[in-house]
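Asks: return atomic coordinates for the entry below.
(one chain, ligands or ions: 2)
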Amino acid sequence: MNQNTQSTNAAQIIAADWVIPMTKTDHWLNNHAVVISGHQIIDILPQDQLIEKYPDAPVTRLDGQALMPGLVNSHCHAAMNLLRGLSDDLPLKEWLENAIWPVEAQFVDDEFVYQGTQHAIAEMIRSGTTCFQDMYFMPNQAAKAVQESGIRASIGLVVVEFETSWSANAQEAIDKGLDVFDQFKHSTTCSFNFAPHAPYTVAKETLEKIGMLSNELNMTVQIHVHETAGEVESFVEENGIRPLARLKEIGLLSPLLNAVHMTQLNEGEIEWLAEAGCHVIHCPQSNMKLASGICPTMQLLDANVNLAIGTDGAASNNDLDMIDELRSASLLAKLDYLNPTALTAYQSLHAATMGGAKALGLQDQIGSIELSKAADIIAIDLNQIETQPVYNPISQIVYAAARNQVSNVWVNGKRLLKDKALTTMNEALVIQNAKHWQTKIINREA
Ligand SMILES: CSC[C@H]1O[C@@H](n2cnc3c(O)ncnc32)[C@H](O)[C@@H]1O
Ligand SMILES: [Zn+2]
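Replies: Ligands and ions are numbered 1, 2, ... in the order given. The predicted structure is shown next:
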């Protein structure tokens with residue numbers, strides 16, 4: 001083993017007051033350490049056994065801190081960080097058609113997506129997200145930004161029927177997307193998914209084509225579906241069936257499907273999702289901000305449907321803060337069901353870790369702190385006024401901690417945040433680029 005390989009695979013130890021593996025309900029380990037070698041977790045043990053077992057390994061000691069699996073943001077439009085706050089306080093249809101799509105048509109290009117995705121990645125690493133599912137144009141630019149930063153992502157090969165700056169039509173979007181998939185097939189942190197935007201922007205024939213390719217390539221599919229009552233009503237008027245029924249008719253209901261939003265569901269549709277093994281991506285803050293509706297999270301969990309959590313884009317949230325998002329998911333469920341036991345702290349944290357890993361097809365690699373899984377780990381500093389005293393670290397993270405208490409982040413064993421400083425990204429340049437786009441967009445011709 002040469003020196004480089006040796007230094008790359010030498011054990012590194014992270015010791016903390018609490019380790020939350022996310023392998024068992026409401027379970028954590030006190031005064032333990034996680035041992036990383038290369039990309040993987042190779043040991044989890046009490047700190048008093050470290051000297052004997054790893055006498056020479058360097059130890060990162062994080063007193064007063066909690067280690068947990070990195071957060072999985074299971075649905076976002078990363079580059080829309082550059083549109084944060086451009087248009088607020090509107091319902092989805094008006095917001096998209098009158099505010100967002102005209103600006104995207106005018107400004108979305110390679111540089112917009114590359115720099116916007118960099119911005120989103122910087123925000124996500126700083127707030128404890130180690131993996132995100134993206135749905136935006138120019139997936140090649142998003143993949144480039146992901147690869148350079150070291151974060152993990154499942155990047156959407158987006159498809160819409162209408163002409164965009166990415167593709168002239170749906171077929172070209174599919175063809176170009178498959179080229180991107182091929183271009184990045186050796187990446188260790190980029191995976192890909194088909195991302196037909198929604199049943200109201202992608203034709204039945206195209207969805208059938210995507211379904212066949214998804215099965216052939218064993219590639220997941222993410223799609224906005226049943227986001228609002230208006231969407232469902234319009235679709236029924238035009239097609240005679242509800243959007244989810246169309247997806248079922250096409251054969252898209254399967255363990256490969258990530259159904260995003262799902263605020264409009266009846267009991268029969270929940271049974272379809274459970275029988276087919278579909279995943280639901282719950283985006284509570286986007287749903288609240290656009291007044292779209294409330295995803296029936298407890299009925300889905302009771303039916304054993306896998307639940308994941310996403311922020312959606314920063315233009316309808318308006319941040320990518322997964323700690324805040326999973327807190328919203330829990331509190332919204334309690335109010336929706338008028339039941340304080342709805343969506344417990346652990347259930348919400350699970351949706352934002354293992355639930356997301358399952359939805360993205362990465363459950364064997366990430367989502368929990370377990371031997372041989374990828375070292376996608378975050379540390380949260382609970383030794384702050386705002387999170388003391390600590391009776392239960394899971395409760396503290398879900399109901400009290402803030403994203404700025406994330407101190408360290410590892411993805412695939414590489415430390416991307418060291419004592420709150422990004423190690424692979426230039427913060428000043430990210431902010432400078434954001435200001436550049438703000439000036440361009442705010443001075444746009446009406
Ligand atoms: C085809 S790239 C993604 C496309 O989706 C738009 N978008 C952003 N947020 C939402 C949402 O909540 N529902 C539907 N579509 C959304 C984004 O602006 C892009 O045009
Ligand atoms: Zn979305």
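Asks: any idea which helix or strand comes after the strand of greatest length in the chain?
Replies: Ranked by residue count and defined by DSSP state E, the top strand of the chain is strand 59-69. Using DSSP states H and E, the helix or strand that follows strand 59-69 towards the C-terminus is strand 71-76.
Asks: name the strands paired with that next one and say parallel or antiparallel.
Replies: Using DSSP bridges, the strands paired with strand 71-76 in its sheet are strand 129-134 (parallel).
Asks: continuing past the strand it pairs with, what's the next helix or strand?
Replies: helix 139-149.
Asks: which strand residues bridge the spatially most central residue of the chain?
Replies: Central residue check for the chain by C-alpha atoms, centre = their mean: the C-alpha nearest the mean position is that of residue 73, 1.6 Å away. Beta-bridge pairing for residue 73 (DSSP bridges): residue 132.
Asks: separation between it and residue 166?
Replies: 22 Å (C-beta to C-beta, to the nearest Å). All C-beta atoms are positioned from the backbone trio N, CA, C, and that covers glycine.
Asks: before we move on, what about residue 256?
Replies: 23 Å.
Asks: likewise for residue 338?
Replies: Residue 338 is 44 Å from residue 166, by C-beta to C-beta.
Asks: these two: which has the busier surroundings?
Replies: Between residue 338 and residue 166, counted using other C-beta atoms under 10 Å, residue 166 has the larger neighbour count: 22 against 7.
Asks: list the contacts for the more buried one?
Replies: 108, 137-138, 158, 173, 176 (C-beta atoms under 8 Å, 6 or more residues apart in numbering).
Asks: what's the domain layout of this structure?
Replies: As given by the TED database, the domain ranges for the chain are 11-69+377-411, 71-360.
Asks: nearest residue to residue 158 in space, ignoring adjacent ones along the chain?
Replies: residue 195 (4.5 Å; C-beta to C-beta, 6 or more residues apart in numbering).
Asks: surely residue 71 touches residue 126?
Replies: No. Contact criterion C-beta atoms under 8 Å: residue 71 and residue 126 do not qualify, at 11.7 Å.
Asks: ok, the two, which is more surrounded?
Replies: Between residue 71 and residue 126, residue 71 has the larger neighbour count (other C-beta under 10 Å), namely 29 against 21.
Asks: how about the strands of the stretch 1-150 of the chain, start to end?
Replies: With DSSP state E, counting those that start in this stretch as the criterion, the stretch 1-150 of the chain has strands at 12-19, 29-37, 40-46, 59-69, 71-76, 129-134.
Asks: got the CA positions of the second one in CSV?
Replies: Yep, that's strand 29-37 we're talking about. Extracted in CSV, the C-alpha atoms of strand 29-37 (Å, rounded to 0.1, in the frame of the first residue of the first chain):
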residue,chain,number,x,y,z
LEU,A,29,-24.9,6.2,22.2
ASN,A,30,-23.3,8.3,25.0
ASN,A,31,-19.5,9.1,24.8
HIS,A,32,-18.8,7.0,21.7
ALA,A,33,-16.6,7.5,18.7
VAL,A,34,-17.0,6.8,15.0
VAL,A,35,-14.0,5.5,13.1
ILE,A,36,-13.6,6.3,9.4
SER,A,37,-11.2,4.8,6.9
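Asks: helices or strands next to that strand in the packing?
Replies: strand 12-19, strand 40-46 (3 or more C-beta pairs under 8 Å, 6 or more residues apart in numbering; DSSP states H and E).
Asks: swap in 10 Å and give it another go.
Replies: In terms of contacts (3 or more C-beta pairs under 10 Å, 6 or more residues apart in numbering; DSSP states H and E), strand 29-37 is packed against helix 3-9, strand 12-19, strand 40-46, helix 50-53, strand 59-69, strand 377-381.
Asks: buried residues in the third one?
Replies: When you say that, I think you mean strand 40-46. For strand 40-46, the neighbour count (16 or more other C-beta atoms under 10 Å) marks 40-45 as buried.
Asks: what's the angle between the longest strand of the chain and strand 377-381?
Replies: Relative orientation of strand 59-69 and strand 377-381, computed by axes from the mean of the first three to the mean of the last three C-alpha atoms, to 10 degrees: 100 degrees.
Asks: what pairs with strand 59-69, parallel or antiparallel?
Replies: strand 12-19 (parallel), strand 377-381 (antiparallel).
Asks: what mean pLDDT does the first one have?
Replies: Computed over strand 12-19, the mean pLDDT rounds to 98.
Asks: returning to what we had before: tell me the most buried of the strands paired with strand 59-69?
Replies: strand 377-381 (a mean of 25; mean count of other C-beta atoms under 10 Å).
Asks: show me what contacts residue 208?
Replies: Listed by C-beta atoms under 10 Å, 6 or more residues apart in numbering, the contact partners of residue 208 are 249-252.
Asks: mind running it again at 6 Å?
Replies: In this structure, residue 208 makes contact with residue 250, judged by C-beta atoms under 6 Å, 6 or more residues apart in numbering.
Asks: for it, pull up the helix or strand it's in.
Replies: Here residue 208 sits within helix 204-217, counting by DSSP H and E.
Asks: which helices and strands does the helix or strand following that helix pack with?
Replies: Under the assignment DSSP H and E, the closest C-terminal helix or strand after helix 204-217 is strand 221-225. Packing contacts for strand 221-225, counted by 3 or more C-beta pairs under 6 Å, 6 or more residues apart in numbering; DSSP states H and E, involve strand 190-196, strand 257-261.
Asks: so can I have JSON lines of those strands showing distance to ligand 1?
Replies: Below are the helices and strands packed on strand 221-225 laid out as JSON lines (distance: least, C-beta to the nearest ligand atom, whole Å):
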{"stretch": "strand 190-196", "distance to ligand 1": "7"}
{"stretch": "strand 257-261", "distance to ligand 1": "7"}
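Asks: could you dump the ones you listed to TSV with distance to residue 397 and mean pLDDT?
Replies: Listed next are these as TSV, based on distance: least, C-beta to C-beta, whole Å; pLDDT from 0 to 100:
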stretch	distance to residue 397	mean pLDDT
strand 190-196	27	98
strand 257-261	25	99
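Asks: follow-up on the earlier one: turn the helices and strands packed on strand 29-37 into CSV, columns for distance to residue 186.
Replies: CSV is the format used below for the helices and strands packed on strand 29-37 (distance: least, C-beta to C-beta, whole Å):
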stretch, distance to residue 186
helix 3-9, 18
strand 12-19, 25
strand 40-46, 19
helix 50-53, 35
strand 59-69, 25
strand 377-381, 24
